[in-house]
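Student: Okay, predicted coordinates and the sequence, questions at the end:
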Amino acid sequence: MVSDAREQFVIIGSGPAALACALLRAQRGPVRLLMPRSPQLIANTNGRVEVVPSETLALLVELGIPPSTIGVEQLHRHRLVAWRSREPVLSSTPAAAHLLRPALERAILKRVLQVPYIAVRSIERSSIVAAVEHYAQKGMRVIDASGRKSALGQGIVHPPSPWVARLFKVETPVPECDEVFRLATLPDGYVYRAGNRQCTTVGIVGRNALLRGAIDTLRTRLAGGPAAWVVEDLPHCRWTASGSCVASVQWSVPCGFVQIGDAAFAHDALASQGIANGLSDACHAAAIYSETDATRVRARIWHAHSAHLHSLASAIKDCCWREEPAWSSYLSFLCSAQISPAQTATVAVRNGRLHDLDRATVLLSAANTLEDVH
């Protein structure tokens, strides 16, 4: 443990990106973690299954979190998706894990609370700006990992009509053969399903009438439509609501601090990359030792931002419902918002330090991610 770092880190947030950044930086020096949510609220978060690439598991193991503690018992290499046509197509994909998001948050939080170099403080969102100004005046490095609401952002850029996800937990586990990720596009959005041996999450994502109604109404609507194959074998009596959230792409107007994860740029849920990108950002932010490093991390996030917008727009152009108002308006926003990435090289972390990485590698990675979906 290096306890005499030249500057102390102050990290804002309570999600995986913030907690992972705190753990990684604490290997090199003291950290203050300002949590807008209390640890008790995190422990009681309702359950849902999320998909992450297998590489993310290696980072979690490095943080002291074995896959078995977050519901991962196997890797998945196939997806059943109706995208270019209305009929589902089974395709091979890079290995992915279906983890339990609440278990992940609890596991990372438990590790954070075990590290003496991390000082945890719960804070009201209304008090964050004043606290940050205080720490900044003392020369401390501030990292905003506060999620989509971005405590320090100067504003949020999002589609005129953001897409929303309604999430449902099916408590009865499904057979192993039915743990394949499923996704079906619809005129007003899409429905997906991700499960493991403990439970299954069904997400209905989109706008307008697609999201309206009680659980039974939504289930009946799905069963009678083109996405019936996504949920046809799930028990009808075990569905419970597990929350709702914005699912479309958005980003913060930059501020004077480094922002990571959803606080900087929230990917569309189609990419299944929210957790993975947040943890990757955390690794890079934890390796900042100078203002030059901070500038390089901001540039990396901006490159990823540009690449994701381009890849998402290309994917929607291939969607069988692309002419429908919900999809066409989303595509119009993406096309109007696209910015060509600068020619500056981005960075990778090696041995705890930032090193230059060719920009083409980042663009190719983003394109491959969305290609896996459709």
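Tutor: Okay, I see it.
Student: pLDDT score for Glu176?
Tutor: As predicted, Glu176 sits at a pLDDT of 51.
Student: Quick check: which ranges of the stretch 101-250 of the chain have low pLDDT?
Tutor: 172-178 (pLDDT under 70).
Student: Show the residue spans covered by the helices in it.
Tutor: Along the stretch 101-250 of the chain, counting by DSSP state H, counting those that start in this stretch, helices occupy 101-114, 128-137, 215-223, 228-231.
Student: Phe181 is nearest to which of the ones you listed?
Tutor: helix 228-231 (10.1 Å; CB to CB). (C-beta placed from N, C-alpha, C; glycine too.)
Student: Of all the residues in the closest one, which ones are buried?
Tutor: Buried residues in helix 228-231, counting neighbours by 16 or more other CB atoms under 10 Å, are found at Val230, Val231.
Student: With stretch 286-301 instead?
Tutor: Ala286, Ala287, Ile288, Tyr289, Asp293, Ala294, Arg296, Val297, Arg298, Ala299, Arg300, Ile301.
Student: for stretch 159-172, same thing?
Tutor: Result for stretch 159-172 [16+ other CB under 10 Å]: buried residues Pro159, Trp163, Val164, Ala165, Arg166, Leu167, Phe168, Lys169, Val170.
Student: a markdown table for those, including distance to Ala131?
Tutor: Shown next, in a markdown table, are the buried residues of stretch 159-172 (distance: CB to CB, whole Å):
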| residue | distance to Ala131 |
| --- | --- |
| Pro159 | 32 |
| Trp163 | 33 |
| Val164 | 31 |
| Ala165 | 31 |
| Arg166 | 34 |
| Leu167 | 32 |
| Phe168 | 37 |
| Lys169 | 35 |
| Val170 | 41 |
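Student: Closest one of those residues to Leu186?
Tutor: Among those, and counting by CB to CB, the member closest to Leu186 is Trp163, at 11.8 Å.
Student: Ser248 is in contact with Ala165, isn't it?
Tutor: No: counting by CB atoms under 8 Å, Ser248 does not reach Ala165; the two are 9.2 Å apart.
Student: Look up how far Thr56 lies from Ala67.
Tutor: One correction, residue 67 is Pro, not Ala. Remark: distance between Pro67 and Thr56 (CB to CB, to the nearest Å) = 10 Å.
Student: Please apply the same query to Ile275.
Tutor: Counting by CB to CB, the gap from Ile275 to Thr56 is 7 Å.
Student: Look through this protein and tell me its longest strand.
Tutor: strand 89-100 (DSSP state E).
Student: Show me what the mean pLDDT comes to for that strand.
Tutor: pLDDT averaged over strand 89-100 gives 94.
Student: packing partners for it?
Tutor: Applying 3 or more CB pairs under 8 Å, 6 or more residues apart in numbering; DSSP states H and E, one finds that strand 89-100 contacts strand 49-53, helix 54-62, strand 76-82.
Student: That strand relative to helix 54-62, how many degrees between them?
Tutor: 10 degrees (axes from the mean of the first three to the mean of the last three CA atoms, to 10 degrees).
Student: starting at the chain centroid, how far to strand 89-100?
Tutor: 16 Å (CA atoms, centre = their mean, to the nearest Å).
Student: Tell me which residues of it come out buried.
Tutor: Result for strand 89-100 [16+ other CB under 10 Å]: buried residues Thr93, Ala96, Ala97, His98, Leu99, Leu100.
Student: So which of the helices and strands packed on strand 89-100 has the densest surroundings on average?
Tutor: Between these, strand 49-53 has the highest mean count of neighbours, a mean of 23, where neighbours are mean count of other CB atoms under 10 Å.
Student: who touches it?
Tutor: 71, 76, 94-101, 104, 181, 194-196, 199-201, 272-276 (CB atoms under 8 Å, 6 or more residues apart in numbering).
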